[in-house]
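J.: model the following, please.
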Amino acid sequence: MTVCLHVFLLAFPKLLLTLIGLKLHGEEFRAVAEAWPAGIFGLASILLLSPFFSKLILQVQLVPQEFVTGLAIFSCMPTTLSSGVALTQLVGGNSALALALTVISNLSGILTVSLDLPVPTTLFWPTLYLY
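T.: Down below sits the predicted model:
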């Protein structure tokens, strides 16, 4: 049972991105190409500006401190599918651009997230206590 659930949770985002991508038409791809300044601004916001705020978030004194650390780590992560594409479709925005930003930011996030993290996460979540 848990193996099936694990496989489903790994495959579902890929399937959803593929289905959303298959719904796009040629004119939507042209709209993405024409909106390249917005795409560059979006990528800079996701990969550079948002992680910068994690350093400011760590200065906030809240109890428990793990909450602050979690917010800082969250601000370093790229856009998720639900906020990147689904909400854009709900408000009638450029869903093709949102899909492109989500895919590109998640692929480049593989390289940038480890550089953006302000603190080593093993200091706060020792693996010995997880099991």
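J.: CA only for contacts and neighbour counts going forward, please
T.: Fine.
J.: what packs against the one helix or strand residue 73 maps to?
T.: Assigned by DSSP states H and E, residue 73 falls within helix 65-76. Using 3 or more Cα pairs under 8 Å, 6 or more residues apart in numbering; DSSP states H and E as the contact test, the elements touching helix 65-76 are helix 50-57.
J.: what's the next secondary structure element after the helix holding residue 73?
T.: Scanning forward in sequence from helix 65-76 by DSSP H and E, the next helix or strand is helix 81.
J.: with just CA atoms, put the next helix or strand after that next one into CSV.
T.: Next along the chain after helix 81, taking DSSP H and E as the criterion, comes helix 87-90. The C-alpha atoms that make up helix 87-90 are tabulated as CSV, following Å, rounded to 0.1, in the frame of the first residue of the first chain:
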residue,chain,number,x,y,z
LEU,A,87,-3.9,30.0,-9.4
THR,A,88,-2.8,31.7,-12.6
GLN,A,89,-5.5,29.8,-14.5
LEU,A,90,-8.1,30.7,-11.9
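J.: what are the boundaries of the strands in this structure?
T.: With strands called from DSSP state E, the chain shows none.
J.: tell me where the model's unsure across it.
T.: Applying pLDDT under 70 to the chain flags residues 1-26, 116-131.
J.: show me where it has its helices.
T.: With helices called from DSSP state H, the chain shows them at 2-22, 26-34, 36-44, 50-57, 65-76, 81, 87-90, 95-116.
J.: got the angle between the longest one and helix 36-44?
T.: Direction vectors for helix 95-116 and helix 36-44, defined by axes from the mean of the first three to the mean of the last three Cα atoms, to 10 degrees, enclose an angle of 30 degrees.
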